[in-house]
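> predicted structure and sequence below. I'll ask about it afterward.
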Amino acid sequence: MPFSATEENYIKAIYALTHSLGVEHANTNQLSSRLNNKAASVSDMLQRLFEKKLIDYKKYHGVKLTKKGFSVAIQIVRKHRLWEVFLVEKLNFKWDEVHEIAEQLEHIQSEELVKRLDKFLHFPKHDPHGDPIPDIKGIVHELKQVELNTCKVKNKMIFSGVKLHTKEFLQHISNLGLKLREKIEIIHITDFDGLIEVKINSNKKTIHIGSKTASHILVELL
């Protein structure tokens, strides 16, 4: 059963909020803020999704996806991230340019197109921002990642993702010279303000990363 783009946006937003915060329920204020919609409009849509058995919802008690809703959310995320890979790898978009385009493409309903897209891209495991791509069965293989600002001097790691996906932040990371999947090492951390000195192993270049920026950078420890 196909759903409207608006319904899918709500389903994905509920998934994103609960997944990123590690909680079972999202509340209407969070959804209103994320989707830039009035609370009354949010409540009306949640009632519609509840009637379609996509969410469990009680007013003032928050909302969570049902098994059916979760399955729909995972497939939307899968399409979004596959399209981001396609846009970066095949059409040469930058990683800070693809989110809004993928937001449009994720609503395409053809399952066969998505299967062929996945095969054409050689079944990628992660999107251009390091986020895992659910496989055809909806299974998500999460990486064991930590924030860069929690690491210590002499820690060696791989830059594997970001927690913040805004255009400004992604451009900032590019300007620093960091590239996804590069091996890096912490050389020094300033006691006063937590400024982190990082060596990029591929070119031996040393860069400095502020603690705020580091809190949004995800790494895999080696």
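Sure, I can see it. Residues are numbered from 1 along each chain as shown.
> how many neighbours does I186 have?
20 (other CB atoms under 10 Å). C-beta coordinates here come from the backbone N, C-alpha and C atoms, glycine included.
> per-residue confidence for it?
Looking at I186, its pLDDT stands at 95.
> that one contacts G194, doesn't it?
No. Contact criterion CB atoms under 8 Å: I186 and G194 do not qualify, at 11.5 Å.
> roughly how far does S202 sit from E185?
Applying CB to CB, to the nearest Å, the value for S202 to E185 is 11 Å.
> which one of those two is surrounded by more residues?
Between S202 and E185, counted using other CB under 10 Å, E185 has the larger neighbour count: 17 against 11.
> ok, the residue nearest the centre of the chain - contacts?
The residue lying closest to the centre of the chain (CA atoms, centre = their mean) is D131, at 5.3 Å. By CB atoms under 8 Å, 6 or more residues apart in numbering, D131 lies in contact with 81, 161.
> flag every buried residue along stretch 33-48.
The neighbour-count check on stretch 33-48 (16 or more other CB atoms under 10 Å) flags 34-35, 37, 42-43, 45-46, 48 as buried.
> just how off-centre is that stretch within its chain?
Centroid separation between stretch 33-48 and its chain, computed with CA atoms, centre = their mean, to the nearest Å, is 22 Å.
> name the element H208 belongs to?
strand 205-209 (DSSP states H and E).
> buried ones in that strand, by neighbour count?
So for strand 205-209, counting by 16+ other CB under 10 Å, buried means I209.
> and the next element down the chain from that strand?
Next along from strand 205-209, by DSSP H and E: helix 211-214.
> what's that next one in contact with?
For helix 211-214, with CB under 8 Å, 6+ apart as the criterion, the contacting residues are 147-149, 169, 172-173, 176, 193-196.
> now the helix or strand containing Q30: mean pLDDT?
In this structure, Q30 sits in helix 28-35 according to DSSP H and E. Averaging pLDDT along helix 28-35 gives 87.
> got the contact list for it?
9-10, 13-14, 16-17, 37-39, 42-43, 46, 62-63.
> what does stretch 195-208 give?
148-149, 176-179, 182-190, 209-211, 214.
> one more time with 7 Å
Contact with stretch 195-208 is made by 148, 176-177, 182-189, 209-211, 214, as judged by CB atoms under 7 Å, 6 or more residues apart in numbering.
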